[in-house]
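Undergrad: okay, structure incoming, though there's no sequence with it:
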């Protein structure tokens, strides 16, 4: 009897074994966030510089629109591609902000940029396809591609390339073994570096000539300090552009973003959306359309980020962290901590425990060289950034 029970347990374990595709690494920043929350439960006051989340709320106009929609009571499904008026408003945004054409028919509303990446990867690539990504780079690029059966191809970037992907680097990876696609981010996470119009255009054209599909992550557009961000939509209609209301519009928890897709991909993406999500949350779509009326409010928030950027750039060197990447845009500073450690995970853990400042170890973004780096997010309040610098300076001296 006991043998039968043991056999049954063993069989159940086999049936419930997770798939290989689910074995992606964790997104470490979320683990840091959880560790910080445990300290806060014990009464600690943690300064959060780990997760890329604005401290400011969504635009007032967006909140008011959502409240009005709730009072109307009915929140139903929308078209799979999104509410037509929101798609038209995004199209208008490209004309107003970039002088670029983005037909509303090519715009797809998504559940944040994460949903956009899943739809884009499924529509563009087959299992086994190789897709180039910058290293260091945003971890879920690699993890989503892996879960979908594709092969992420890390292309190392460095000071020699000004911490951006280059034509030579991408084509070298392609010559080594054929690439199906490349994903470019500007402003980038975790580095904050940007591609100027000439560099972005050269990359997009070179990839087109080589038959490499081009995805442009533009979720930090609007948060540019060194020079204005350029959109791939202005260069070619063949690129897939991913954007989001999470960063500039401070709408992380609303989970709303969009794609600008080549015409030939719109119907395939629509079919995928119909089956995977039916539609994006209606309340978030209503709020997102109204968010464009809050640009002045959001530009004031951006000015706060610029002040935070200045606080870190001037304050961290006094604390001993005097080597970091150009912070062109977004709200990140990627700092070299090799003077103090060869293990950024242990460094971040100890810093959190002893200073109650939460930051993300570089190994989340670069499994090899990231052991020498820490990413600080400066999307919080000015006073918190000043206090964080003071805490870190006391700790390191």
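TA: Looks like it arrived, so ask away. On a predicted model such as this, the values are computed, not experimentally measured, just so you know.
Undergrad: now residue 134. Its backbone dihedrals?
TA: The phi/psi pair for residue 134 (degrees, to the nearest 10) reads phi -70, psi 150.
Undergrad: I'd say it and residue 155 touch.
TA: Yes - Residue 134 is in contact with residue 155 according to CB atoms under 8 Å; the separation is 6.0 Å. Every residue, glycine included, has its C-beta placed from N, CA and C.
Undergrad: the two: which has the busier surroundings?
TA: residue 134 (28 against 20; other CB atoms under 10 Å).
Undergrad: follow-up on the earlier one: quickly list what's touching both of residue 134 and residue 155.
TA: With contacts defined as CB atoms under 8 Å, 6 or more residues apart in numbering, the residues shared by residue 134 and residue 155 are residue 165.
Undergrad: what number of residues lie near the residue nearest to residue 326 when sequence neighbours are not counted?
TA: Distances taken as CB to CB, 6 or more residues apart in numbering place residue 193 nearest to residue 326, at 5.5 Å, with adjacent residues excluded. Residues lying near residue 193 (other CB under 10 Å) number 25.
Undergrad: try residue 308
TA: 25.
Undergrad: ok, it touching residue 378?
TA: Yes - applying CB under 8 Å as the test, residue 308 and residue 378 come out as touching, 3.9 Å apart.
Undergrad: which neighbours do the two have in common?
TA: 331, 385.
Undergrad: check what contacts stretch 138-155 and list those residues.
TA: With CB under 8 Å, 6+ apart as the criterion, stretch 138-155 contacts 21-22, 24-25, 27-28, 114, 117-118, 121-122, 125-135, 137, 165, 169-170, 173, 177, 179-180, 183, 185, 188-190, 217, 364-365.
Undergrad: domain ranges for this protein?
TA: Here the domain assignment for the chain is 24-57+296-396, 60-293, based on automatic domain parsing.
Undergrad: any idea how far residue 391 is from residue 41?
TA: For residue 41, the distance to residue 391 equals 20 Å [CB to CB, to the nearest Å].
Undergrad: okay, these two: which has more neighbours?
TA: Using other CB under 10 Å, the more surrounded residue of residue 41 and residue 391 is residue 391, with 17 against 8.
Undergrad: quick one: the helices in this structure, in order.
TA: 2-15, 28-41, 60-71, 84-98, 112-124, 139-147, 167-176, 197-210, 263-276, 282-291, 295-319, 344-355, 382-396 (DSSP state H).
Undergrad: ok, the closest residue to residue 53 other than its chain neighbours - how many residues close by?
TA: Spatially, and ignoring its direct neighbours in sequence, residue 53 is nearest to residue 252 (5.0 Å; CB to CB, 6+ apart). Neighbourhood size, residue 252 [other CB under 10 Å]: 18.
Undergrad: kindly report the same for residue 209.
TA: 9.
Undergrad: equivalent analysis for residue 178, please.
TA: A count of nearby residues for residue 178, using other CB under 10 Å, gives 12.
Undergrad: ok, it touching residue 129?
TA: No - Residue 178 is not in contact with residue 129 according to CB under 8 Å; the separation is 9.1 Å.
Undergrad: picking up where we left off before, buried subset of the contacts of stretch 138-155 as a PyMOL selection?
TA: The buried residues among the contacts of stretch 138-155 can be selected in PyMOL (16 or more other CB atoms under 10 Å) with this line:
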select buried, resi 27+28+114+117+118+121+122+125+129+130+131+132+133+134+135+137+165+169+170+173+179+180+183+185+188+189+190+217+364+365
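Undergrad: for residue 60, give its distance to residue 203.
TA: 38 Å.
Undergrad: so these two - more neighbours on which side?
TA: Taking other CB under 10 Å, residue 60 and residue 203 do not tie; residue 203 has more neighbours (26 against 13).
Undergrad: check contacts around residue 95.
TA: By CB under 8 Å, 6+ apart, the residues touching residue 95 are 101-102.
Undergrad: and residue 326, by the same measure?
TA: Contact partners of residue 326, counting by CB under 8 Å, 6+ apart, are 162-163, 191-193, 226.
Undergrad: dump the domains of the chain to CSV, plus mean pLDDT.
TA: Formatted as CSV, those follow (pLDDT from 0 to 100):
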stretch, mean pLDDT
domain 24-57+296-396, 93
domain 60-293, 97
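Undergrad: need those domains in JSON lines with distance to residue 16, can you?
TA: Listed next are the domains of the chain as JSON lines, based on distance: least, CB to CB, whole Å:
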{"stretch": "domain 24-57+296-396", "distance to residue 16": "18"}
{"stretch": "domain 60-293", "distance to residue 16": "19"}
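Undergrad: quick one: residues contacting the nearest residue to residue 306 once chain neighbours are set aside.
TA: Among residues not flanking residue 306 along the chain, residue 225 sits closest, at 6.0 Å (CB to CB, 6+ apart). Contact analysis of residue 225 by CB under 8 Å, 6+ apart lists 306, 309, 327-329.
Undergrad: same thing with residue 130?
TA: Residue 130 sits next to 150-153, 177-181 when contact means CB under 8 Å, 6+ apart.
Undergrad: identify the farthest-apart pair in those residues.
TA: Across the contacts of residue 130, the longest distance by CB to CB is 14.6 Å; it joins 152 and 178.
Undergrad: done for today, thanks.
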